[in-house]
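Asks: Next comes the sequence, and after it the predicted model I'd like to discuss.
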Amino acid sequence: MTQLGKRIRDSQATISQVMLPTDANTHGNVHGGVIMKLVDDAGAIVATRHSRSIVVTVAVDSMTFLSAIYVGNLVTLTAALSYVGRSSMEVEVLVEAEDPLTGDKTHTNTAYVVYVALDDSGEPREVPPLVGETEEERQRIAEGCERQQARLTRRQKGT
C-alpha cells in the first residue's frame, strides 16, 4: 500500500491538566504513574491522528523524572511524532510543570513512546510515512530512526 506522507504538525497534540490531591502521595508529590499515564494518553492521541486507526503502546524508552511535580501544578504534555515505520510510530512527549500562581515552569521529563497501528482484526496495519518539512524536522526523524534501530538491536539480543 503506497500512501502519501503526513507532516509532523498534522498530528501533534498538547494536553494540560491540573494535578489534584488524588494524583499524589501524602507529601503532595504527584505519583510517577499518573504522569506515565498522561504521557501515554498524549502519545496515543498523536499516533491515532497520524494513522487514523486504533493504536497500542509497544514500548516506552526510559522516563527519567528531572524534578518533582506537585499538587496544584498545571502539567502540560506536548507530543509529536519523531519516527514512523511500516506500522509503528515513535512519539516524543515533553512534560512541563507550571506553578499557576507564579508562572514558574519546569521541564520535568521527556519520553519516547512507540505505538503500533492496528486494523479491524487487530493486526498491524501500514501507516502513512512521516514528512519532515524543515531541516530540524528531518534531523528529528533521523534521530527517531536511530532510536528505533537501537530498540530493534536490543530486541534481537534479548536485552
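Replies: Arrived safely, thanks for sending. Numbering: from 1, shown residues only.
Asks: Look at the residue of the chain most remote from its centre and report its pLDDT.
Replies: Within the chain, residue 26 marks the point farthest from the mean C-alpha position, 28.4 Å out by Cα atoms, centre = their mean. Per-residue confidence (pLDDT) for residue 26: 94.
Asks: And it, how far from residue 79?
Replies: Distance of residue 26 to residue 79, given as Cβ to Cβ, to the nearest Å: 30 Å. Where you see a C-beta, it was placed from the backbone N, CA and C, and this is true even at glycine.
Asks: now residue 47
Replies: 9 Å.
Asks: if I pick the residue nearest to residue 124 when sequence neighbours are not counted, what's in contact with it?
Replies: Using Cβ to Cβ, 6 or more residues apart in numbering and skipping residues adjacent in sequence, the residue nearest residue 124 is residue 87, 3.8 Å away. By Cβ atoms under 8 Å, 6 or more residues apart in numbering, residue 87 lies in contact with 116, 117, 124, 125, 126, 127.
Asks: Buried residues, the top strand by length along the chain. List them.
Replies: In the chain, with assignment by DSSP state E, the single longest strand is strand 105-118. Within strand 105-118, the residues scored as buried using 16 or more other Cβ atoms under 10 Å are 108, 109, 110, 111, 112, 113, 114, 115, 116, 117, 118.
Asks: How far away from the center of its chain is the helix ranked longest in the chain?
Replies: The single longest helix within the chain, with elements called by DSSP state H, is helix 135-157. Here the centre of helix 135-157 is set off from its chain's centre by 15 Å, with Cα atoms, centre = their mean, to the nearest Å.
Asks: what does stretch 82-90 give?
Replies: Worked out by Cα atoms, centre = their mean, stretch 82-90 lies 12 Å from the chain centre.
Asks: before we move on, what about stretch 13-27?
Replies: Using Cα atoms, centre = their mean, the offset of stretch 13-27 from its chain centre is 18 Å.
Asks: What is the end-to-end distance of it?
Replies: Using Cα to Cα, to the nearest Å, one end of stretch 13-27 lies 31 Å from the other.
Asks: can you check stretch 44-60 too?
Replies: 12 Å.
Asks: how near is residue 46 to residue 52?
Replies: Applying Cβ to Cβ to residue 46 and residue 52 gives a distance of 12 Å.
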